[in-house]
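Colleague: sequence-free structure coming up:
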């Protein structure tokens, strides 16, 4: 495997129901992860992009959270329907998806 140009981390942290911080898993982050893997496969981008599930990325109340390196861009409230746009705009064209960016007070 070659070194990917981008690495996408999708929080799949799971906490007990009614935990005060909540969790991305409770907000369907596994579906977001599956959508990223499907988009990676559709685009055959294995050499350019890594997609990895992760533990807590921090702002649980704003999840599902997605972190993209090397830019260090954090997205909040990502849904499976947002994944294609993230790939096209951010990964392929270098333009983060502004409507999903974490607020400066969060990240």
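Modeller: Nice, I can see it. In this text, all values refer to a predicted model and were calculated from it rather than measured experimentally.

Colleague: make it CA atoms for all contacts and neighbour counts henceforth
Modeller: OK.

Colleague: quick one: terminal-to-terminal distance for stretch 42-57?
Modeller: End-to-end span of stretch 42-57 (C-alpha to C-alpha, to the nearest Å): 27 Å.

Colleague: buried ones in it?
Modeller: 48-51, 53-54, 56-57 (16 or more other C-alpha atoms under 10 Å).

Colleague: save those as CSV, and put in distance to residue 28 too.
Modeller: Shown next, in CSV, are these (distance: C-alpha to C-alpha, whole Å):
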residue, distance to residue 28
48, 26
49, 22
50, 20
51, 17
53, 13
54, 14
56, 14
57, 15
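
Colleague: just the closest of those to residue 6, please.
Modeller: Nearest to residue 6 among the buried residues of stretch 42-57, counting by C-alpha to C-alpha, is residue 49 at 4.9 Å.

Colleague: so that closest one sits against residue 37, correct?
Modeller: No - Residue 49 is beyond contact range of residue 37, at 10.2 Å (criterion: C-alpha atoms under 8 Å).

Colleague: find the nearest non-adjacent residue to the residue most central in space within the chain, please.
Modeller: By C-alpha atoms, centre = their mean, the chain has its centre lying nearest to residue 66, at 2.3 Å. Excluding the flanking residues, the one nearest residue 66 by C-alpha to C-alpha, 6 or more residues apart in numbering is residue 10, at 4.6 Å.
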